[in-house]
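Novice: sequence below, structure please.
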Amino acid sequence: MTSIDVAHFKEVLGHYATGLVVIAATTTDGPAGFTCQSFGSLSLEPALVTFAASTQGHSWGLVRQSENVGISILGADQEPLARRFATSGVDKFDGSPWEKAPDGSPLLDGAIAHLEGRMSVVTTHGDHDVAVVAVSYVYARSGHPLIYFRGGFGELA
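Specialist: Model prediction:
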């Protein structure tokens, strides 16, 4: 197998613009969540989405213990939330208004879309876990997405 320089690999992958979501769940200690850029649709029938999270991520470790997850697709004006939920060691939900989805998962106010579903499969690949979520609730409103490109935040022009 060819060895690839990790820093260069990360730089090259940064050329792919992604949207940003917050993956969240209700835990015994309250809500937990994290910013995620590795998110996408997987299937229309059945309705499935997927996301990837660092196997070592503290918040992912908490979320992974829950059956259901809420997914908030962040809008262009929500960069502070994306940064907050990407930070370790802080109460991410303190001062971040949210509501409960039908099955109780946290959904962030102001997001341009929400999904909720049950984590049906989680597998480990390299240094990340990949989760498949069977979607049971969806909601969308108008707005522009927050994107991540070449190590920085932006919005579609």
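Novice: could you count how many residues lie near residue 79?
Specialist: 17 (other C-beta atoms under 10 Å). Heads up, the C-betas are built off the backbone N, CA and C, glycines and all.
Novice: any idea how far it is from residue 154?
Specialist: Per C-beta to C-beta, to the nearest Å, residue 79 is found 9 Å from residue 154.
Novice: so what sits against both of those two?
Specialist: Residues touching both residue 79 and residue 154 (C-beta atoms under 8 Å, 6 or more residues apart in numbering) are residue 146.
Novice: got the residue ranges for the strands in this protein?
Specialist: Ranges of strands in the chain, per DSSP state E, are 18-19, 21-27, 30-36, 39-43, 48-54, 68-73, 98-100, 106-108, 113-125, 128-140, 146-149, 152-155.
Novice: give me every residue that touches residue 153.
Specialist: Residue 153 neighbours (C-beta under 8 Å, 6+ apart): 20, 79, 82, 146-147.
Novice: also residue 125?
Specialist: residue 52.
Novice: can you pull up the bridge partners for it?
Specialist: residue 128 (DSSP bridges).
Novice: thinking again about what came up before, I'd like the contacts of residue 153 as CSV, with pLDDT appended.
Specialist: Listed next are the contacts of residue 153 as CSV, based on pLDDT from 0 to 100:
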residue, pLDDT
20, 97
79, 97
82, 97
146, 97
147, 96
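Novice: of these - the most surrounded one?
Specialist: Most crowded among those, counting by other C-beta under 10 Å, is residue 146 at 26 neighbours.
Novice: that one against residue 19, yeah?
Specialist: Yes - between residue 146 and residue 19 there is a contact under C-beta atoms under 8 Å: 7.0 Å.
Novice: OK, contacts around the nearest residue to residue 146 once chain neighbours are set aside?
Specialist: Leaving aside its sequence neighbours, residue 146 sits nearest to residue 74 (C-beta to C-beta, 6 or more residues apart in numbering; 4.3 Å). For residue 74, the contact set (C-beta under 8 Å, 6+ apart) comprises 19-22, 81-82, 108, 111-112, 145-146.
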